[in-house]
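Colleague: Predicted model and sequence below, questions to follow.
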Amino acid sequence: MKLNFFNNIRLRDKMLILYLFFVLVPVILTNVIFYQVTIANVKSQRMADLSKGMEQIRSQFMGEIRNAADFSSSFYTDSILNDMLDVNYTNSVQYIEAYDSYLRKILNTYYSGYRSLQGLTIYVDNKSVLPSGGVEFLTEEVRQSEPYRLLANSEHSAPLLMRSGPEGNRQTFSILRKLNYYEALPGWKEKFVRLDLKPSTIRQIFTNLNVQGNLYLINPAGQIDYSTDSGIPWTSQLVNYSEVMEQQSKKEFEMAYPLSGEMEGWNINGVFDESEIYKELGKPSHLVVVLACINLILPTWIIIWMTRTIHVRLARILKHMEKVKHQRFEPIRQPESSDEIGQLTAEFNRMTMTIHRLINDVYVADIQHKNLELQRRHAQLNALQSQINPHFLFNALETIRMRSLMKDEDETARIIYHMAKIFRNALTWNRDKVSIREELEYVTCFLEIQKYRFGHKLNYTIDLDPEAADCSIPKMTLLPFVENASIHGIEPLKEGGEIRLCIRRTGTELICVVEDSGVGMTEDKRNQLLSYVETEESMGDRVGVQNVIYRLKLIYDSRFHIQIDSAARAGTRVEIGLPLEDSSNGQCIIHSKA
């Protein structure tokens, strides 16, 4: 009884009741409790995430600096390298040989092993070396540069970090180190190494923090050596970090992380807006999960109970739809109801009875009409095939007659044999299709008769793909095109010509090409032949190429193509493409229209 009551409530009203009492009210209550409970936890969690991100940036930056320092240590203790740079070479060839034997290899190794390295230069006070390939003179100009003065003022040989680059764009970090480990050895020459890091690597590290804020790299003097803050000109001038902080808003807070090792006294500071802390207030907590479960279990049970009135009747409709699919037209038997599903059931019953009546009254009659149409087309196809035979037979017999009158030759018997074969094929109409091999036998007979007629004026070649030999095509598809090539293409030429046939199987298509070196045809004649592919007029008593095109249209509809390329005195090329598929017995079958 309760179910019948709900059956009379509109589906829209049911969904509205479900939404108001079991979605909207619980969500409002849950959100209020969620906001009050989780706001305190989110701030501490967000601060932990920021701290973790800052720690990762510090670790990655220190890792890059440490790697560069380790590379400088390799140069610092490399005895072979130091000996090579201390030698006074008598000529350039001697230095190049030493450079190629060792120095080039280790430089390439460092470049390939440390992808963050932009440049590596060794400065040496030895004028016998060539200034190239990572080795430069320690000239007076170099001694006056900032890197050398920084090294000269250092009392130890540990690596030094400095910011370098052209004026106005000092974004490159360089590692400098004296190579004085073997200073006490005789013949030692002053030298130092400079490793330049890629600015893109440093930029990638400092922009890796997925939060809105600015990061600052501060040197021991309190000056900014790198920053993600585009509002300060740190690349072109020295900017004190304290001056920047004086301009910050009260809503921003600072996080500082000191560096160690080679960067003792340096700091990475981050300045973030407080709004970043509350950015992820919407993330659920364990309490929210518990409340959501409480709000879902009871409403879900009620929703299931209410929607059962919908599901049971919809399932019954689907069951009867399956019966209709199997041509079992049974109406749905159930009490009438006034909601949407009840209306749907009534319309389904009405539709089922209508379909059943239409099938009995219309469909059967339509099938009979289609069968008659197929029989008519089949009869028309046989009639069209019969039209083409007298055309070929007349030409062949006329050729033999004229030749026999002119000259008494033994070849006549062979030609008559070919003619008989064509005639026998013309009288056989129990098959609509023949294989490519059989079709080429008729074509060969015709060409031999024409060759008998024209003598040396006519030559022909046939190129058959073995995979296409068993493919079936409509009877006498190629012969009319070969006849046209002979009669209209080669015969008018005094010097004669050649006819070429090429049949290939490509993928799902059979390609037949008939090509001659005859007089060709005009553009109007070519367009006239191609127009038969597009027109839908009846065939009438036409023969030859028009007959072939019409038969192909009857069999394949639009699934074949004919391409004709010709020009006056340039020969003619006809390409016919027919669809095919492989049958289960391994032979090739051409599709025909159902």
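Modeller: All right, it came through fine.
Colleague: Got phi/psi on Gly497?
Modeller: phi -170, psi -170 (degrees, to the nearest 10).
Colleague: again with Arg194
Modeller: With angles defined as degrees, to the nearest 10, Arg194 sits at phi -130, psi 120.
Colleague: ok, now the one 5 residues further on?
Modeller: The main-chain torsion angles of Pro199 are listed as degrees, to the nearest 10 and equal phi -60, psi -30.
Colleague: What count of nearby residues applies to it?
Modeller: 17 (other CB atoms under 10 Å). For the C-beta atoms, the positions are set from N, CA and C on the backbone; glycine is no exception.
Colleague: now do Glu509
Modeller: 15.
Colleague: what is it paired to in the beta sheet?
Modeller: Beta-bridge pairing of Glu509 under DSSP bridges involves Thr506, Pro579.
Colleague: That one: what's it in contact with?
Modeller: Contacts for Glu509 (CB atoms under 8 Å, 6 or more residues apart in numbering) come out as 577-580.
Colleague: just Phe560 next, same as before
Modeller: Shown in contact with Phe560 (CB under 8 Å, 6+ apart): 552, 576-579.
Colleague: So among those residues, which ones count as buried?
Modeller: Buried by 16 or more other CB atoms under 10 Å: 552, 576-578, out of the contacts of Phe560.
Colleague: I'd like the residues you listed as CSV, with pLDDT appended.
Modeller: What follows is those, written out as CSV (pLDDT from 0 to 100):
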residue, pLDDT
Leu552, 85
Ile576, 93
Gly577, 93
Leu578, 92
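Colleague: Those residues: which two are farthest apart?
Modeller: Of all pairs drawn from the buried ones among the contacts of Phe560, the greatest distance, 10.3 Å, lies between Leu552 and Gly577 (CB to CB).
Colleague: center of the chain, which residue is that?
Modeller: Here the mean C-alpha position of the chain is nearest to the C-alpha of Gly507 (CA atoms, centre = their mean), at a distance of 23.2 Å.
Colleague: Against Cys445, how distant is that residue?
Modeller: 31 Å (CB to CB, to the nearest Å).
Colleague: before we move on, what about Arg505?
Modeller: Distance, Arg505 to Cys445, by CB to CB: 24 Å.
Colleague: just Ser242 next, same as before
Modeller: 106 Å.
Colleague: Show me which of these two is the more surrounded one.
Modeller: Per other CB under 10 Å, whichever of Ser242 and Cys445 has more neighbours is Cys445, with 21 against 10.
Colleague: ok, for the more buried one, nearest residue in space, not its chain neighbours?
Modeller: Once flanking residues are discounted, Cys445 sits nearest to His418: 3.8 Å by CB to CB, 6 or more residues apart in numbering.
Colleague: what residues are up against that neighbour?
Modeller: By CB under 8 Å, 6+ apart, the contact set of His418 is 396, 444-446, 448-449.
Colleague: Can you name the helix or strand that it falls in?
Modeller: Per DSSP states H and E: His418 is located in helix 411-427.
Colleague: mean confidence for that helix?
Modeller: Helix 411-427 carries an average pLDDT of 65.
Colleague: residues in contact with whichever helix or strand comes after that helix?
Modeller: Next in sequence after helix 411-427, counting helices and strands by DSSP H and E, comes strand 433-435. Strand 433-435 is contacted from outside by 469-475, 590, using CB under 8 Å, 6+ apart.
Colleague: Within its sheet, name the partner strands of strand 433-435 and how each one runs.
Modeller: strand 472-474 (antiparallel).
Colleague: What helices and strands are in contact with the following helix or strand past the strand it pairs with?
Modeller: Proceeding C-terminally, strand 472-474 gives way to helix 479-484 as the next helix or strand, assigned by DSSP H and E. Helix 479-484 is packed against helix 364-406, helix 436-454, helix 545-556, with contacts defined by 3 or more CB pairs under 8 Å, 6 or more residues apart in numbering; DSSP states H and E.
Colleague: With only the CA atoms kept, save the last one in PDB.
Modeller: As requested, the backbone C-alpha atoms of helix 545-556 are provided in PDB (Å, rounded to 0.1, in the frame of the first residue of the first chain):
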ATOM      1  CA  VAL A 545      32.800   0.000 -72.300                       C
ATOM      2  CA  GLN A 546      29.500   1.500 -71.400                       C
ATOM      3  CA  ASN A 547      28.100  -2.000 -70.800                       C
ATOM      4  CA  VAL A 548      30.900  -2.900 -68.500                       C
ATOM      5  CA  ILE A 549      30.500   0.200 -66.400                       C
ATOM      6  CA  TYR A 550      26.800  -0.300 -66.100                       C
ATOM      7  CA  ARG A 551      27.200  -3.900 -65.000                       C
ATOM      8  CA  LEU A 552      29.800  -3.000 -62.400                       C
ATOM      9  CA  LYS A 553      27.400  -0.400 -61.000                       C
ATOM     10  CA  LEU A 554      24.700  -3.000 -60.700                       C
ATOM     11  CA  ILE A 555      27.000  -5.400 -58.900                       C
ATOM     12  CA  TYR A 556      29.100  -3.100 -56.700                       C
END
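Colleague: relative orientation of the helix or strand just after it and helix 545-556 in degrees?
Modeller: Using DSSP H and E, the helix or strand that follows helix 545-556 in sequence is strand 561-566. Strand 561-566 runs at 160 degrees relative to helix 545-556, counting by axes from the mean of the first three to the mean of the last three CA atoms, to 10 degrees.
Colleague: Let me see the mean pLDDT of strand 561-566.
Modeller: 90.
Colleague: Name the next helix or strand following the helix ranked longest in the chain along the chain.
Modeller: The longest helix of the chain (DSSP state H) is helix 25-77. Moving toward the C-terminus from helix 25-77, the next helix or strand (DSSP H and E) is helix 79-86.
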